[in-house]
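> Show me the folded form of this:
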Amino acid sequence: MVVGALVDYKGNVRGVIHFVNKDDLGDKAITDEDRQNIEGVLPTLGEVIRCADESSELSQICCCNQLTILISL
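Residues are numbered from 1 along each chain as shown. So this is what the prediction gives:
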């Protein structure tokens, strides 16, 4: 089992990912190479979540601004 924190470039933890085992393609043990590969993608996944969070926040702000404009008219 491998557990890794999804951290963005600011150092904020955005989530956690948990890998249990491999496919039934032979040896199910997680190797050191697997761990290195997983550790290599953790920062990228953290940034993906950060960008999605920011996009969601911007979308909500834009919708609220549009409602305010419509109500003002």
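
> CA only for contacts and neighbour counts going forward, please
Will do.

> pull the CA atoms of the strand or helix carrying Arg14 into CSV?
Arg14 is located in strand 13-19, with elements delineated by DSSP states H and E. C-alpha atoms of strand 13-19 as CSV (Å, rounded to 0.1, in the frame of the first residue of the first chain):
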residue,chain,number,x,y,z
VAL,A,13,-2.5,19.8,1.0
ARG,A,14,-5.3,19.4,-1.6
GLY,A,15,-6.0,15.7,-1.0
VAL,A,16,-4.6,12.3,-0.4
ILE,A,17,-4.2,9.4,-2.8
HIS,A,18,-4.1,5.7,-1.8
PHE,A,19,-2.8,2.9,-3.9
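
> For that strand, name the packing helices and strands.
Secondary-structure packing of strand 13-19 (3 or more C-alpha pairs under 8 Å, 6 or more residues apart in numbering; DSSP states H and E): strand 2-7, helix 32-72.

> Which other helices and strands does the first one contact?
I take that to be strand 2-7. By 3+ C-alpha pairs under 8 Å, 6+ apart, strand 2-7 packs against strand 13-19, helix 32-72.

> Indicate each strand paired with it and its parallel or antiparallel sense.
With DSSP bridges as the test, strand 2-7 is paired with strand 13-19 (antiparallel).

> buried residues in the strand it pairs with?
Residues of strand 13-19 classed as buried: Arg14 (neighbour count, 16 or more other C-alpha atoms under 10 Å).

> Just the mean pLDDT for it, thanks.
Mean pLDDT, strand 13-19: 85.

> what sits up against that strand?
Identification of contacts with strand 13-19 by C-alpha atoms under 8 Å, 6 or more residues apart in numbering yields Met1, Val2, Val3, Gly4, Ala5, Leu6, Val7, Asp8, Gly46, Ile49, Arg50.

> Kind regards, and thank you for your time.
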